[in-house]
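**Student:** Task: produce atomic coordinates for the following.
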Amino acid sequence: MDEHSEESYVASDDTDEEFYSQVYQNIVYTIHKCPVLRGLFLNWCKLSPKEKTFLNYLSNYILDRDQIDLYPPIIGGLEYWSDVQDNQGACGFNANPLNFKFDTAIEEQIFETIVVIDEVVMNLLLRPMLCKDIQKVHTKKDDIAGQGDG
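**Tutor:** Here you go, the predicted structure:
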């Protein structure tokens, strides 16, 4: 058994690369069918380039180690889908040409990662609105304070 474990360890780099490629492809081919992914994509598209950079930065601190490894192929799938939409229009995909399946634990891990990314994206989208509301409150307080001085 130790020999088998050692062989698995040596082959893990190629296996990991293949696995992450499959995650990427799965995101690309299911994004239009899955409401959670579709919602994430639509919200992710609303982020400015600066906010997307901030999302990449935050992911290193928010996601668990296994989720961090899933982050690049998930975001890569969103980027690919965005490029397809920009260059070819909303063509979508009808058939999934992929022949692999993930076990339940991996599917749950991918889904949990997508949910966390979606939560961060939603918070990034709320930030500008929150800042505007804070500015309005601050301006009103200045106006009220200024009226009493005269």
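
**Student:** Please report how far the residue nearest the centre of the chain lies from residue 137.
**Tutor:** With distances taken as Cα atoms, centre = their mean, the chain has residue 117 as the residue nearest its mean C-alpha position (4.2 Å). Noted for residue 117: a distance of 30 Å to residue 137, by Cβ to Cβ, to the nearest Å. Every residue, glycine included, has its C-beta placed from N, CA and C.

**Student:** average pLDDT across stretch 72-81?
**Tutor:** For stretch 72-81, mean pLDDT rounds to 92.

**Student:** contacts for it?
**Tutor:** Residues from elsewhere that reach stretch 72-81 (Cβ atoms under 8 Å, 6 or more residues apart in numbering): 20-21, 23-28, 31, 40-41, 44, 56, 110, 113-114, 117.

**Student:** where are the low-confidence patches of this structure?
**Tutor:** Applying pLDDT under 70 to the chain flags the ranges 1-13, 89-101, 130-131, 133-134, 138, 140-150.

**Student:** can you give me the helices in it?
**Tutor:** Under the criterion DSSP state H, the chain carries helices at the ranges 2-30, 35-46, 49-62, 65-88, 104-149.

**Student:** Mind listing residues that contact the shortest one?
**Tutor:** Residues external to helix 35-46 that are found in contact with it (Cβ under 8 Å, 6+ apart): 27, 30-32, 52, 55, 75, 78, 81-82, 111, 114-115, 117-118, 121-122, 125.
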